[in-house]
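J.: below: sequence and its predicted model.
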Amino acid sequence: MSTTTTPDMDTDALAAKITKQSSIVRQLKKDGAPSEQIGSAVDELKELKTLLASLTIAEDGKDSFDKKAFDDMVIRKMFVIPSFEIHGGVKGLYDLGPPGCALKAAIVDTWRKHFVLTESMLEMDCTNLTPECVLKTSGHVDRFTDLMVKDPETGECFRADKLLEDAIDALLEDKTKIFTNEEREDHLRVQRQADAFSPSELDNLLQNVYQVKAPSGANFSASFPFNLMFKTTIGPEGTSVGFLRPETAQGLFVNFRRLLDYNAQKMPFAAAQIGLGFRNEISPRSGLLRVREFTMAEIEHFVNPDDKAHPSFGNVKDKELVLFGRDDQLGSGKTKTMAIGEAVATKLVNNETLGYFMARTQLFMEKIGMDPARLRFRQHLTTEMAHYACDCWDLEIQSSYGWVECVGHADRACYDLKVHSQATKTAMDATQKLEKPKDVTMAKLKFDRKLLGQAFKADQRVVSRALESLAEDWQDFEPIAKALEETGSTEVDGYTITKEMVTWKKASKKVHEIKFTPSVIEPSFGIGRILYSLLEHSYYQREGDEQRNVMKFNPSVAPNKCAVLPISSGDEVNAVVDAIASDLMYNDLSTKVDKSGAALGRRYARADEIGVPFAITVDFETLENNTVTLRERDSMAQVRMPKNDVSTVIGAMVHGKMSWEKVLGKYPLVQVAEDGEVAKTDSSTKTVVVSTSRGRFSRPAPAK
């Protein structure tokens, strides 16, 4: 493939070509295509990626986001810090400091109110330890495996296929070696198949062909399977294998029957859980975006697979979302802004329930202060989806790391409940009453209990229930009947049924309710990724002063709602400060008091760095007339108000019941330099709200 760069080349279209080519490569590997064909497709993909990288360099240079200053501030102010730092730290583990912890708590609290309380969801808190049988059933035991090798001297582990790829890169880049085109192509062919080799093949290539040595200089150990789950044993005997859960969902699935009973058998319903997940990532990186321990908030909405309408869909149908469908990913590379109602009506989004949660997720992100211009929903390509999934959309948030998946929305069909039902021989069915009874054709069964008992012993009831379930609908039972008549036996849920064990006849009956295995619509939120993205979206530097960092958190999620600052260190002033802070905290408004001897402007800046939206200053005028100044963080505008109004006004703004503009209209604006010098204004002073590139600010009205 030959590609040329043109000044007006569309990077979106080029990104779409890369997505399409990546899909082709995955499909070729899945189909077991010849290595030459795979190699050609991979080469084309690499060339497209190189071209896109060259085209985006100029755009990256225009990015005004100061990543270094941001990272320094996040650690300095203890939003996020490396775990066990004084001992050298551990990759993939991070601690949240006081402001980070408070921010996370506020995000989780908002999530719980927005979803669990508003939707009347059934919340659970399931154990982190999970028995092996549960995760074997779900597929995690088999799915989370990579081949690893170990340095025998140090015990350090490495992913074997990545070592091979790196070794070939180093070999081909070695200027002291000369390769013919054919030799180079042979090495590249091996590199492209690195993740497809067996353990013995990888060992031979690493040790004998490419002679890859461990950091200690010794030969690597033989390759062995590495599971990304943290394995442990449950109990002192060491015989019961368990894992730290890689997701919270399985606890909800295995409790489905009890949840259904708790909900008085009513369908549909949703269960939710907030908790920790653990994945032993091989190469943790990108800060909070890829870690080994993380908080998840997951919803499992159980619904009739034949009726995925949502009763509240009408409330959100006009909400516009930025959608990046699979056809656009493979075609134009451009997103579309569309009302979710239209997306569901045109089948871009599979069903109402999936669309409903996508819209609700968008509203949640806006509520906590995420920048809507940097949010989009990307649909999974066919090659990305599990075979059982109906439709999947990821909410991606743009940050300095690019577009990052932060919330998954998946229609998982009936897969999860079915596999647990089959593994445990436990019915995971729900019933739904019909508005009008209907006639159905079914099979009336008669069992030979003696033969069933001899063949299946303790499992005879499991077998009879499985047949009775199929017999509820003749269309389901007809293939069983046909097989028994033609061959004399058939398989049902792993059991061999013979013609002598059961007789049947076609019949009709009037039914008042239907039985089904529910489908699951699953929104899954990565709280750590959301928290990090919110930090980036909230960060900016004061115009004209790059040393003044500000976090523009929404008041509802800000770690501290208000700062209380004395103008001096006098006892009378400090007594008022303490009284105001006590009253604010009594009203559940987290407050930061700064009585340090630093200049007032410096203390404002400290509060700005941790995103405190409001600051109360107690000055000498307070002692005269019981008034204080209230400062708004982003505009730096201040008003003078009675001390007794402070808690009521700040509480109203934090809970979204009053805007700053209304405060400006109620109280007089005062001109306060950041050093604390106040120019008094009378109550008749008028203000206006002006818009600039930094936002909407209040200023004194111009004289007429």
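T.: Here it is on my side, so go on.
J.: test my guess that Q250 contacts T130.
T.: Yes - Q250 is in contact with T130 according to CB atoms under 8 Å; the separation is 6.4 Å. Every C-beta, even on glycine, is put in place using the N, C-alpha and C of the backbone.
J.: ranges for the helices of the stretch 301-450 of the chain?
T.: 326-330, 340-345, 352-368, 415-424, 449-456 (DSSP state H, counting those that start in this stretch).
J.: and if you look at the stretch 551-700 of the chain?
T.: Using DSSP H, counting those that start in this stretch, helices in the stretch 551-700 of the chain cover 571-586, 600-609, 620-625, 646-654, 660-666.
J.: for G275, which three-state class applies?
T.: strand (DSSP: H, G, I helix; E, B strand; the rest coil).
J.: now swap in E183 and tell me
T.: Secondary structure, three-state DSSP: E183 is helix.
J.: and it, how many neighbours?
T.: 12 (other CB atoms under 10 Å).
J.: tell me the pLDDT of it.
T.: pLDDT, E183: 84.
J.: tell me where the model's unsure across the stretch 401-550 of the chain.
T.: The stretch 401-550 of the chain contains no residues with pLDDT under 70.
J.: and the strands in it?
T.: 402-411, 430-447, 489-492, 495-498, 502-516, 519-526, 539-541, 549-551 (DSSP state E, counting those that start in this stretch).
J.: which positions in whichever strand or helix holds Q27 come out as buried?
T.: For Q27, the enclosing helix or strand under DSSP states H and E is helix 11-31. Neighbour counts over helix 11-31 (16 or more other CB atoms under 10 Å) mark 14-25, 28-29 as buried.
J.: what about P225, distance to C157?
T.: From P225 across to C157, the span is 12 Å (CB to CB, to the nearest Å).
J.: the two: who's more crowded?
T.: Remark: of P225 and C157, C157 carries more neighbours, 15 against 11, as counted by other CB under 10 Å.
J.: what's across from that one in the sheet?
T.: Counting by DSSP bridges, C157 is bridged to K150.
J.: doesn't D146 make contact with it?
T.: No - the criterion here is CB under 8 Å, and C157 misses it with D146 at 10.3 Å.
J.: what pLDDT does V291 get?
T.: For V291, the model assigns a pLDDT of 90.
J.: now it: closest residue in space that isn't a chain neighbour?
T.: Nearest non-adjacent residue to V291, counting by CB to CB, 6 or more residues apart in numbering: G92, 4.9 Å away.
J.: quick one: that neighbour and E281 touch, right?
T.: Yes - between G92 and E281 there is a contact under CB under 8 Å: 5.3 Å.
J.: these two: who's more crowded?
T.: G92 (19 against 15).
J.: which secondary structure state does the more buried one sit in?
T.: coil.
J.: contacting residues for it?
T.: Contact analysis of G92 by CB atoms under 8 Å, 6 or more residues apart in numbering lists 281, 284, 290-293.
J.: equivalent analysis for T154, please.
T.: Counting by CB under 8 Å, 6+ apart, T154 touches 214-216.
J.: from those residues, which is closest to R449?
T.: Nearest to R449, judged by CB to CB, of those is A214 at 64.1 Å.
J.: neighbours of the closest one, how many?
T.: 18.
J.: and P34, by the same measure?
T.: Applying other CB under 10 Å, we find 9 residues neighbouring P34.
J.: with E366 instead?
T.: By other CB under 10 Å, the residues close to E366 number 14.
J.: how about it: what's its closest non-neighbour residue?
T.: P372 (5.8 Å).
J.: how about M296?
T.: Closest residue to M296 apart from its sequence neighbours, by CB to CB, 6+ apart: G277 at 4.8 Å.
J.: same thing with R245?
T.: Closest to R245 by CB to CB, 6+ apart is T130, at 4.6 Å.
J.: with that, I have no additional questions.
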